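Colleague: This is the structure alone, sequence omitted:
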């Protein structure tokens, strides 16, 4: 699909460690149209994180090597463009919301320092410049957008002074600093309590809708898939095994792996029976 | 009808100290908690971080000393007795993260042999007993020679279960036993726990924040909030007709995968959560206790 904002075509990645080469992605294709909410779901080892890292250009090579495929952003192949061009897109046109709010922030700098630095370098890459005061105004503005009640106080805080949910919102604010068109979220809120996670997911969904962003949600939680996306890709062992509109997937999964995955999820309504009746005797 | 475990008015205070080490107050981590578990049943403690669920487990295991209240096992008060060998033979625990609860420098067999030796199984019988325990958790006998890093997460948790079962306990405390595992692996570990419970007549105290899992495993559930049980009852009835606002909030927050589940989920606006200040916490706590007294 050429008109998709992000289009991954037939991507294959292998890792070479201790002289052994293992294919990790085997021809993955996925599309993220502008203003869409897409989920990429899979269990540990399925390749979802490697796909995300390949898109963001965060794969370390070696050991990783892209053996085939293209990643188009806005019609341009990220894998063949010069590094300098690619850097201009990363963190600006597309940004990431990281998973772990405890370890993704530097404990010895204030939120304002960390966000200011991100903005400064993003501006520099894009050939823009802003005064320190203008930068702080933008930091406060974005913190307000993630529903911080007192953005100035949050900006002055060190990470340890904020709760887990607030830190996760700071990470979302960081991703929004340069007004990207595509947000890639890696399991946001999984490290948080369920009530806080629900707030974070709602906030992300609201922001994406308000600001007309595209969202690629990477998760292992099928409940999160259903709450945040309208189209879903299911990965297993480096392959996309099924991709459908989210509602259809849950109503009538086609692939055997998807079926097994859905049936393994315990239901809030009960009726999931654990244990093998035969073993009881 | 006999209770395996009875918790009566259990309370744990942690002192709050100022910068000079002077005590300025107490945090009521566990506040007058009472519940009982019948033999062979599963009691689920649901709560978020800071609710006191782990502190309760630690007090039952004898890893923390209660400030007040009583813990009765099989009708006998065990305050002051926790931590003894005799007690350890009756109550065991499976921890949350099998990656860090197994000693990386011991083989699986050596890990399982520790409780065997501590509880007086003659050395000559260890090998046979280890093979028996591994079979119980559906692992091949040659796993006894492997190290934890050679095992998957699910396999490690099976080893942790085998180790807990080594002394043939009556009560097993499960502290988020599957939260580190993938959902398909979780289903298989839960299968194993249910089967073992039936075979061995085990009583489980199941601690979790995963309400969907709780719904399908626990017979009775207690919802913990700020150290108090705000709601308790048969799991099905608590989930179908939650009485307390906090239970409703918890249920409303669970990401679900079907329209039926969505229909039973209460719809309430999610509280816009910044962490409460100490004063707000005190006010919240007062509101919670009023509600309990009502």
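Modeller: Ah, there it is. Being a predicted model, the structure only gives us computed values, none of them experimental.
Colleague: list the buried ones in the longest helix seen in chain B?
Modeller: Ranked by number of residues, the top helix in chain B under DSSP state H is helix B:183-200. Of the residues in helix B:183-200, B:183, B:185-198 count as buried by neighbour count, 16 or more other C-beta atoms under 10 Å in any protein chain shown. In short, each C-beta sits where N, CA and C put it, glycine included.
Colleague: Could you check which helix or strand contains residue B:24?
Modeller: Using DSSP states H and E, residue B:24 sits in strand B:23-38.
Colleague: Pull up the pairing partners for that strand, direction included.
Modeller: When pairs are called by DSSP bridges, strand B:23-38 turns out to pair with strand B:3-17 (antiparallel).
Colleague: buried sites along the strand it pairs with?
Modeller: B:3-7, B:10-13.
Colleague: Pull the most distant pair out of those.
Modeller: For those, with distances taken as C-beta to C-beta, the pair at the greatest spread is B:4 and B:13 (27.0 Å).
Colleague: and residue B:155, how many residues sit next to it?
Modeller: Residue neighbour count, defined by other C-beta atoms under 10 Å in any protein chain shown, stands at 20 for residue B:155.
Colleague: what about the helix or strand hosting it, average pLDDT?
Modeller: For residue B:155, the element it lies in under DSSP H and E is helix B:153-165. Taken as a whole, helix B:153-165 has a mean pLDDT of 94.
Colleague: now that helix and helix B:183-200, what's the angle there?
Modeller: Here the directions of helix B:153-165 and helix B:183-200 differ by 20 degrees (axes from the mean of the first three to the mean of the last three C-alpha atoms, to 10 degrees).
Colleague: Beyond helix B:153-165, next helix or strand please.
Modeller: Sequence-wise, the next helix or strand downstream of helix B:153-165 (DSSP H and E) is strand B:171-175.
Colleague: wait, does that next one contact chain A?
Modeller: No. Strand B:171-175 lies apart from chain A when judged by C-beta under 8 Å from any C-beta of the partner chain; the minimum separation is 12.7 Å.
Colleague: Can you list the strands that that strand pairs with?
Modeller: Going by DSSP bridges, the partners of strand B:171-175 are strand B:91-94 (parallel), strand B:203-208 (parallel).
Colleague: Residue B:255 is nearest to which of these?
Modeller: Evaluated over the strands paired with strand B:171-175, closeness to residue B:255 peaks at strand B:203-208, with 15.4 Å, by C-beta to C-beta.
Colleague: centre of the chain versus the closest one, how much separation?
Modeller: Here strand B:203-208 is found 5 Å from its chain centre; the criterion is C-alpha atoms, centre = their mean, to the nearest Å.
Colleague: for the record, mean pLDDT for it?
Modeller: Rounded mean pLDDT across strand B:203-208 is 95.
Colleague: show me where pLDDT drops low in chain A?
Modeller: For chain A, the stretches with pLDDT under 70 are A:1-2, A:277-281.
Colleague: would you list every one of the strands in it?
Modeller: All strands of chain A, identified by DSSP state E, fall at A:6-17, A:20-32, A:37-41, A:64-73, A:76-77, A:94-97, A:182-186, A:214-219, A:231-236, A:239-245.
Colleague: What of chain B?
Modeller: B:3-17, B:23-38, B:42-46, B:68-73, B:76-77, B:91-94, B:171-175, B:203-208, B:220-225, B:228-234.
Colleague: Now do the longest helix of chain B: everything it contacts.
Modeller: A:43, A:220-222, A:260-261, A:264-266, A:274-276, A:279-280, B:40, B:42, B:136-138, B:152-154, B:157-158, B:161, B:165, B:168, B:174, B:177-178, B:181, B:202, B:204, B:213, B:216-217 (C-beta atoms under 8 Å, 6 or more residues apart in numbering or on different chains).
Colleague: hmm, back to that, distance to residue A:114 and mean neighbour count for the strands of chain A - can I get that in CSV?
Modeller: Output for these, formatted as CSV (distance: least, C-beta to C-beta, whole Å; neighbours: other C-beta atoms under 10 Å in any protein chain shown):
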stretch, distance to residue A:114, mean neighbour count
strand A:6-17, 27, 18
strand A:20-32, 27, 18
strand A:37-41, 27, 26
strand A:64-73, 26, 17
strand A:76-77, 30, 13
strand A:94-97, 14, 25
strand A:182-186, 18, 24
strand A:214-219, 23, 25
strand A:231-236, 32, 24
strand A:239-245, 35, 18
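Colleague: so which of those comes closest to residue A:195?
Modeller: Comparison of these against residue A:195 by C-beta to C-beta identifies strand A:214-219 as nearest, at 18.0 Å.
Colleague: Give me the spatial nearest neighbour of the residue in the stretch 1-150 of chain A positioned nearest to chain B, chain neighbours excluded.
Modeller: Closest residue of the stretch 1-150 of chain A to chain B, C-beta to the nearest C-beta: residue A:43 (4.1 Å). Using C-beta to C-beta, 6 or more residues apart in numbering or on different chains and skipping residues adjacent in sequence, the residue nearest residue A:43 is residue B:182, 4.1 Å away.
Colleague: Just give me the neighbour total for the one you found.
Modeller: Look at residue B:182: counted by other C-beta under 10 Å, it has 20 neighbours.
Colleague: Centre-most residue in chain A?
Modeller: Nearest to the mean C-alpha position of chain A, counting by C-alpha atoms, centre = their mean, stands residue A:185 at 2.0 Å.
Colleague: Not counting sequence-adjacent ones, nearest residue to that residue?
Modeller: Excluding its sequence neighbours, the residue lying closest to residue A:185 (C-beta to C-beta, 6+ apart) is residue A:97, at 4.2 Å.
Colleague: Check residue A:115 too.
Modeller: residue A:139 (4.6 Å).
Colleague: can you give me the end-to-end distance of stretch B:99-115?
Modeller: End-to-end distance of stretch B:99-115: 19 Å, with C-alpha to C-alpha, to the nearest Å as the criterion.
Colleague: And for stretch A:265-274?
Modeller: First residue to last in stretch A:265-274 (C-alpha to C-alpha) measures 11 Å.
Colleague: I'd guessed residue B:248 sits against residue B:241; true?
Modeller: No. Between residue B:248 and residue B:241 there is no contact under C-beta atoms under 8 Å: 10.1 Å.
Colleague: Many thanks, have a good one.
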